[in-house]
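Participant: Could you look at this predicted model? Sequence included:
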Amino acid sequence: MPQRYENYPKVAIVTGADSGIGKACAVALALAEAGYDIGITWHRDHAGAQRTAAEVGALGRRCEIAELDLTRLPEAAAVVDELADRLDGIGVLVNNAGTGASAPFVDTGWEQWREVLAVDLDGPFLCSQRAAWRMRAAGRGGRIVNITSVHEHAPRVGSAAYCAAKGGLGLLTRVMAQELAADGITVNAVAPGEISTPMTGQEDVDPFTEDRPGVPVGRPGDAREVAAVVVLLASPAAAYVTGASWPVDGGMLLMGPQAGSHLRSDDWRSV
């Protein structure tokens, strides 16, 4: 008979918390508000990670931080075990750390290619293995959420490495979901469109003040809108949801791979 897995530890590890207002911070704070103790990793901005930790602490939850450089694999993935040891377990892993590159396919260098694949695909693979081993050993189930992109589903000119990595992570998510389901571990992807974060050059920008004619909702997204979906997928309420990819894109994917962020007028809305 299938078992119920609803008592996994209220501990979430979120990779990539360099920015005080980026997606990782929003996810960490939303999970803390939902009652999770938090482990966060940083790569370039230690001070930003410390600010996030202070905000988590102000919500009454524990927070531990650790450095993570996903170009130093496979050893770097041990950070999952380090944070889990410091927080007395792991119930949720959010693979948020990511990078990108913009260059034509024929001009993409090997080092650039390998860096994007390492951070965006190899890193989540290895970190998820570590988390899954621990979740299986504990026998209490768990949740893994991979932050992919709308470009998990649709190509974009000039983003060969990024699209390859995110597309690969999307299919890896589905294989993991199949293999880990019997252990009460669900695995899902969240696929953001354009989100107002430092990564998109929109630090401190209110997305409701930005016009995006090619996006049905008409604006970029807010990091907290990504975080809300992650919290849902991390919760016991989502126990029957696995192997899915959840676009958080304001309808961008409905417009085709290029149109969403490139249309400059609302003419398409008229018949």
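Facilitator: Arrived safely.

Participant: So which residues of the stretch 151-271 of the chain form helices?
Facilitator: Along the stretch 151-271 of the chain, counting by DSSP state H, counting those that start in this stretch, helices occupy 160-180, 223-234.

Participant: Tell me which of these sits nearest to residue 62.
Facilitator: Proximity to residue 62 (Cβ to Cβ) singles out helix 223-234 among those, at 16.6 Å. Heads up, the C-betas are built off the backbone N, CA and C, glycines and all.

Participant: related to what we said a few turns ago, would you reformat the helices of the stretch 151-271 of the chain as CSV and include mean pLDDT, mean neighbour count and distance to residue 28?
Facilitator: Listed next are the helices of the stretch 151-271 of the chain as CSV, based on pLDDT from 0 to 100; neighbours: other Cβ atoms under 10 Å; distance: least, Cβ to Cβ, whole Å:
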stretch, mean pLDDT, mean neighbour count, distance to residue 28
helix 160-180, 97, 20, 20
helix 223-234, 94, 21, 8
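
Participant: Can you tell me how far the nearest residue to residue 249 once chain neighbours are set aside is from residue 222?
Facilitator: Leaving aside its chain neighbours, residue 249 sits nearest to residue 193 (2.9 Å; criterion: Cβ to Cβ, 6 or more residues apart in numbering). Separation of residue 193 from residue 222 (Cβ to Cβ, to the nearest Å) stands at 12 Å.

Participant: Of those two, give the one with the bigger neighbour count.
Facilitator: residue 193 (22 against 19; other Cβ atoms under 10 Å).

Participant: Okay, that one and residue 220: tell me how far apart.
Facilitator: 8 Å.

Participant: Now list whatever residues contact both of those two.
Facilitator: residue 250 (Cβ atoms under 8 Å, 6 or more residues apart in numbering).

Participant: And for residue 236, the neighbour number?
Facilitator: When neighbours are defined as other Cβ under 10 Å, residue 236 has 13 of them.

Participant: Likewise for residue 155?
Facilitator: Around residue 155 sit 13 other residues, with neighbours defined as other Cβ under 10 Å.

Participant: Look up the pLDDT of it for me, please.
Facilitator: pLDDT for residue 155: 87.

Participant: distance of it from residue 125?
Facilitator: 22 Å.

Participant: cool, residue 26 as well?
Facilitator: 24 Å.

Participant: Give me the more crowded residue out of these two.
Facilitator: residue 26 (25 against 17).

Participant: Helix or strand for that one, just tell me which one.
Facilitator: helix 23-33 (DSSP states H and E).

Participant: Show me which parts of that helix are buried, residue by residue.
Facilitator: 23-32 (16 or more other Cβ atoms under 10 Å).

Participant: Any chance of those in JSON lines with distance to residue 150 and pLDDT as columns?
Facilitator: Conversion of the buried residues of helix 23-33 to JSON lines gives the following (distance: Cβ to Cβ, whole Å; pLDDT from 0 to 100):
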{"residue": "23", "distance to residue 150": "14", "pLDDT": "66"}
{"residue": "24", "distance to residue 150": "18", "pLDDT": "74"}
{"residue": "25", "distance to residue 150": "21", "pLDDT": "82"}
{"residue": "26", "distance to residue 150": "18", "pLDDT": "86"}
{"residue": "27", "distance to residue 150": "18", "pLDDT": "90"}
{"residue": "28", "distance to residue 150": "23", "pLDDT": "90"}
{"residue": "29", "distance to residue 150": "24", "pLDDT": "92"}
{"residue": "30", "distance to residue 150": "21", "pLDDT": "94"}
{"residue": "31", "distance to residue 150": "23", "pLDDT": "95"}
{"residue": "32", "distance to residue 150": "27", "pLDDT": "95"}
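
Participant: Just the closest of those residues to residue 244, please.
Facilitator: Nearest to residue 244 among the buried residues of helix 23-33, counting by Cβ to Cβ, is residue 27 at 17.7 Å.

Participant: and the residue nearest to that closest one when sequence neighbours are not counted, how far is that from residue 94?
Facilitator: Spatial nearest neighbour of residue 27, excluding adjacent residues (Cβ to Cβ, 6+ apart): residue 227 at 4.5 Å. Between residue 227 and residue 94 the computed distance is 9 Å (Cβ to Cβ).
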